[in-house]
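Participant: Got a predicted model here, sequence first, then my questions.
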Amino acid sequence: MEDCLFCRIVKGEIPSAKVYEDEFVLAFRDIAPAAPVHVLVIPKKHIESVAALTDDDTELLGKIFAAIRAVAGQEGLENGFRLVANTGKDGGQSVKHLHFHILGKKTFGENFG
C-alpha cells in the first residue's frame, strides 16, 4: 500500500534503525520505545493485521517467528521478553500493517493493563 508507513519503511523511503532483515521480514527499533529493547518485526508483504491473516500466510508466519527468535537472541533477551501484536482499533493498533513488538530488558508483570 502506497500510504502505509511500514510499507514505505520496507521500500527504504523512510529510514529506520534496522536490526534484522531477510527476504520476507524486517525488524527495526521502535521510535518511541516502551522498554530498553523495543523492536518491531513486520512482514515485507502488506497484511493489515492478525485478523487479516489467511491460510496462505502460514509459511510467512513461521518466517516471522523465526525472525522474532533471532532478534531476541541478538538483543540478549535470554531471560525473556514480551511479544505484543495489537490488532484493530479496539486492540490499540495504530499502523495498519501487521507487526509484532518485542519488548525486553525490563521485568513485566503478569497483567496486561
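Facilitator: Sure, I can see it.
Participant: contacts and neighbour counts: CA atoms only from here.
Facilitator: Fine.
Participant: which residues sit against the longest helix that the chain contains?
Facilitator: As assigned by DSSP state H, the longest helix anywhere in the chain is helix 58-74. Residues from elsewhere that reach helix 58-74, judged by Cα atoms under 8 Å, 6 or more residues apart in numbering: 19-20, 24-25, 27, 41-43, 78, 81, 102.
Participant: from those residues, which would you call buried?
Facilitator: For the contacts of helix 58-74, a burial check counting by 16 or more other Cα atoms under 10 Å picks out 19-20, 25, 27, 41-43, 81, 102.
Participant: Is it possible to get TSV of the contacts of helix 58-74 that adds distance to Ala72?
Facilitator: As requested, the contacts of helix 58-74 are exported to TSV (distance: Cα to Cα, whole Å):
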residue	distance to Ala72
Val19	10
Tyr20	11
Phe24	18
Val25	14
Ala27	11
Val41	11
Ile42	14
Pro43	17
Glu78	7
Phe81	8
Ile102	8
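Participant: residue boundaries of the helices in the chain?
Facilitator: Counting by DSSP H, the helices of the chain are 5-11, 58-74.
Participant: Pull out the buried residues from the shortest one.
Facilitator: Translated: helix 5-11. Along helix 5-11, these residues count as buried under the neighbour rule (16+ other Cα under 10 Å): 6-7, 9-10.
Participant: Same question for stretch 66-76.
Facilitator: By neighbour count on 16+ other Cα under 10 Å, the buried set for stretch 66-76 is 67-68, 71-72, 75.
Participant: Over to stretch 13-23?
Facilitator: For stretch 13-23, by 16+ other Cα under 10 Å, it's 19-21.
Participant: Same check on stretch 95-109?
Facilitator: So, applying 16+ other Cα under 10 Å, buried residues of stretch 95-109: 95-105.
Participant: Pull the contacting residues for the nearest residue to Gly80 once chain neighbours are set aside.
Facilitator: Of all residues not flanking Gly80 in the chain, Gly104 sits nearest, at 7.0 Å (Cα to Cα, 6 or more residues apart in numbering). Counting by Cα under 8 Å, 6+ apart, Gly104 touches 35-38, 77, 80-82.
Participant: so how far is Lys11 from Gly104?
Facilitator: 27 Å (Cα to Cα, to the nearest Å).
Participant: again with Asp3
Facilitator: 12 Å.
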